[in-house]
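[1] need coordinates for the following:
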Amino acid sequence: MDILAVLVGLTLLLVIATWSSVRSYFARGRLAGMEEAAREIIKGIRSHYEVAGEPPPDHLAKAIEAVGASARGGFNDKAILRYHERLRSFGEAVGAACWRKGYRSCRLKMLPREDKIRLDLPLTDLTHLAALAHLGFRRMMPNDRGVDTPRFGDEQLAWDVARVIERLELSIPEPVRPSGHPAMRQAMIRHWWPLERKRA
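    Residues are numbered from 1 along each chain as shown. Sure, this is the predicted structure:
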């Protein structure tokens, strides 16, 4: 009877050892597969986050090093979870580096050259400027009589258009910026509309 108990105990130990060995073998295989996939991903996306002539940011270099390093300290579920954490950190670092590279390249493409100025204007402001430019062009023609010249409908529209013109003038470099124009426009508005109110 004692021999049977010993055999059963040894069989149980053999089954447990075999199960542990199989689990460790599969965990080792999973980790090896994840490490190989991570190495291939790093090779594939390197061109998306690298900037020519600059080393990668420190946090990205550490994340790449952590993902590229082999798992240490046993092959079990905990090791797999630790590697998952490294992969998440790597993904965050690469995402931030790619965003930064894209933002910088977009800024370089969107910035005007040194001798150019770029303005962002809403549609209403552009409409006002187009109307004023057309009016100015007509007034510059030698045969202009100015009989059917359009006028501002109310004081608020005059202030809105004056603000748009001032914004346009402020984008001109100071040495060549026209001076005194904003004050002149404001004086014309203040002078005219009180007269209109008196007539009403």
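[2] for the host helix or strand of residue 138, packing partners?
    Per DSSP states H and E, residue 138 falls inside helix 123-140. Under the contact definition 3 or more C-beta pairs under 8 Å, 6 or more residues apart in numbering; DSSP states H and E, helix 123-140 sits against helix 155-170. (Glycine included, C-beta is placed from N, CA and C.)
[3] hang on, the earlier thing: now do the buried residues in the helix holding residue 138.
    125, 128, 129 (16 or more other C-beta atoms under 10 Å).
[4] which of those residues sits closest to residue 176?
    Proximity of these to residue 176 (C-beta to C-beta) peaks at residue 129, which lies at 18.8 Å.
[5] mind checking how far the closest one is from residue 84?
    Taking C-beta to C-beta, to the nearest Å as the measure, residue 129 falls 56 Å from residue 84.
[6] just the CA coordinates for the helix holding residue 138, please, in PDB.
    Extracted in PDB, the C-alpha atoms of helix 123-140 (Å, rounded to 0.1, in the frame of the first residue of the first chain):
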ATOM      1  CA  LEU A 123     -15.000  84.100 -45.000                       C
ATOM      2  CA  THR A 124     -16.800  87.400 -44.100                       C
ATOM      3  CA  ASP A 125     -13.500  89.200 -43.700                       C
ATOM      4  CA  LEU A 126     -12.300  87.900 -47.100                       C
ATOM      5  CA  THR A 127     -15.600  89.000 -48.700                       C
ATOM      6  CA  HIS A 128     -15.200  92.600 -47.200                       C
ATOM      7  CA  LEU A 129     -11.600  92.700 -48.500                       C
ATOM      8  CA  ALA A 130     -12.600  91.500 -52.000                       C
ATOM      9  CA  ALA A 131     -15.300  94.200 -52.200                       C
ATOM     10  CA  LEU A 132     -12.900  96.900 -51.100                       C
ATOM     11  CA  ALA A 133     -10.200  95.700 -53.500                       C
ATOM     12  CA  HIS A 134     -12.700  95.700 -56.400                       C
ATOM     13  CA  LEU A 135     -13.800  99.200 -55.400                       C
ATOM     14  CA  GLY A 136     -10.300 100.400 -55.200                       C
ATOM     15  CA  PHE A 137      -9.500  99.000 -58.600                       C
ATOM     16  CA  ARG A 138     -12.500 100.700 -60.100                       C
ATOM     17  CA  ARG A 139     -11.500 104.000 -58.500                       C
ATOM     18  CA  MET A 140      -8.000 103.700 -60.000                       C
END
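[7] appreciated, that's everything.
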